[in-house]
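*Asks:* Pasting the sequence and the predicted coordinates here, then a few questions.
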Amino acid sequence: MSFLDGNDSLATGSTVDVESYDASTAPEKPSWRPHLETSLNSSSSDVTSRYVQLATIREDGTPACRTIVFRGFLLDSNVLYFVTDLRSDKVSDILTNPAGEIAWYFTGTREQFRIGARLQLVGPPPAAAGEG
């Protein structure tokens, strides 16, 4: 699982357990949050409104872009929450270089959001994923 904090308020290049994430340490609502919430609410009947393009940087320095699904905000924070398979390339991309950006287009309202941030993995570390 990965998440994006548009405030760069989290440590980078490591994993964090969801249960231990302290939303109270996150900064106030960023300026983009109310606009994004309005767009999400306006587009709630459109299933594709939850599709986001995530760009990361591969180990060799080249960009990688893929579509992911927005799952909500992590706990009571400004952190955007996404789910991924630990075997996916984006996991190694994030561990190598946590810089990333999402591009999110809402067809109904014709709005686009681009949010750059440090990416953070949440959940068990990749090495522990197959353990017991």
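*Replies:* Here it is on my side, so go on.

*Asks:* May I have the phi/psi pair for residue 48?
*Replies:* phi -70, psi -10 (degrees, to the nearest 10).

*Asks:* Let me see the contact set for it.
*Replies:* Neighbouring residues of residue 48 by C-beta atoms under 8 Å, 6 or more residues apart in numbering: residue 107. Glycine gets a C-beta too; all of them are placed from N, C-alpha and C.

*Asks:* run the last query once more with 10 Å
*Replies:* 67, 69, 105, 106, 107, 108 (C-beta atoms under 10 Å, 6 or more residues apart in numbering).

*Asks:* can you tell me which of these are in strands?
*Replies:* Of the contacts of residue 48, the ones assigned to strands by DSSP state E are 67, 69, 105, 106.

*Asks:* With distance to residue 81 added, can I get the contacts of residue 48 in JSON lines?
*Replies:* As requested, the contacts of residue 48 are exported to JSON lines (distance: C-beta to C-beta, whole Å):
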{"residue": "67", "distance to residue 81": "16"}
{"residue": "69", "distance to residue 81": "10"}
{"residue": "105", "distance to residue 81": "19"}
{"residue": "106", "distance to residue 81": "18"}
{"residue": "107", "distance to residue 81": "22"}
{"residue": "108", "distance to residue 81": "22"}
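
*Asks:* Among those residues, which one has the most neighbours?
*Replies:* residue 106 (18 neighbours; other C-beta atoms under 10 Å).
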